[in-house]
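have a look at this prediction, sequence included:
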Amino acid sequence: MRNYLIEDFRPLDVRLDLGAMFENLIILGFLRKISYEKEYKKLYFFRNLYGSQKEIDLITEDIKGVKTGFEIKYQGGLTNKFPELGISRYHVISRENAPEFLV
């Protein structure tokens with residue numbers, strides 16, 4: 001729908017917004033999964049605006065307060081870690097393992 005509205009149907013390998021589209025796809029997948037499985041999870045992100053401007057693309061928090069951080073990169077990448085956030089697990093979601101996280 002978005003591509004139709006902005007009239008951009010170029011192949012993925014030449015798109016400048018590929019990373020943003022992939023991140024959006026994954027986060028929508030998390031929202032669907034939470035809805036279908038009727039589980040309580042808060043979804044949010046974290047960005048450090050001071051200094052290095054590092055971020056965590058997605059943080060989930062379950063009903064017990066357990067937090068999991070996700071770095072969402074189409075080509076893969078490293079996960080930024082912020083010990084002060086109390087995140088117990090980290091995952092990198094890329095195009096290779098994305099189906100594991102989608103409904």
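Structure received. Here the structure is a predicted model, which means the values were calculated and not measured.

use CA for all of it now, contacts and neighbours both
Noted.

which SS class is residue 4?
When classified by DSSP: H, G, I helix; E, B strand; the rest coil, residue 4 comes out as helix.

let me see the contact set for it.
Counting by CA atoms under 8 Å, 6 or more residues apart in numbering, residue 4 touches no other residue.

that one and residue 53, how far apart?
32 Å (CA to CA, to the nearest Å).

then residue 60?
20 Å.

which one's more surrounded, the two?
A side-by-side neighbour count of residue 60 and residue 53, using other CA atoms under 10 Å, places residue 60 first with 18 against 8.

tell me which residues in stretch 32-42 are buried?
34, 41 (16 or more other CA atoms under 10 Å).

helices along this protein, start to end?
With DSSP state H as the criterion, the chain has helices at 2-6, 18-37.

CA atoms only for the shortest one - export them in CSV, please.
Which is helix 2-6. Output of helix 2-6 as CSV, limited to C-alpha atoms (Å, rounded to 0.1, in the frame of the first residue of the first chain):
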residue,chain,number,x,y,z
ARG,A,2,2.8,2.4,0.9
ASN,A,3,4.7,1.8,-2.3
TYR,A,4,1.5,2.4,-4.3
LEU,A,5,0.9,5.7,-2.5
ILE,A,6,4.4,6.9,-3.1
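
how distant is that helix from the center of its chain?
Relative to the chain's own centre, helix 2-6 is displaced by 21 Å; criterion: CA atoms, centre = their mean, to the nearest Å.

flag the helix or strand of this protein with the lowest per-element mean pLDDT.
Least confident helix or strand of the chain, by mean pLDDT, DSSP states H and E, is helix 2-6 with a mean of 82.

show me the contacts for residue 76.
92, 93, 94, 95.

quick one: contacts for residue 71?
Residue 71 touches 56, 57, 58, 77, 78, 79, 80, 90, 91, 92, 93, counting by CA under 8 Å, 6+ apart.
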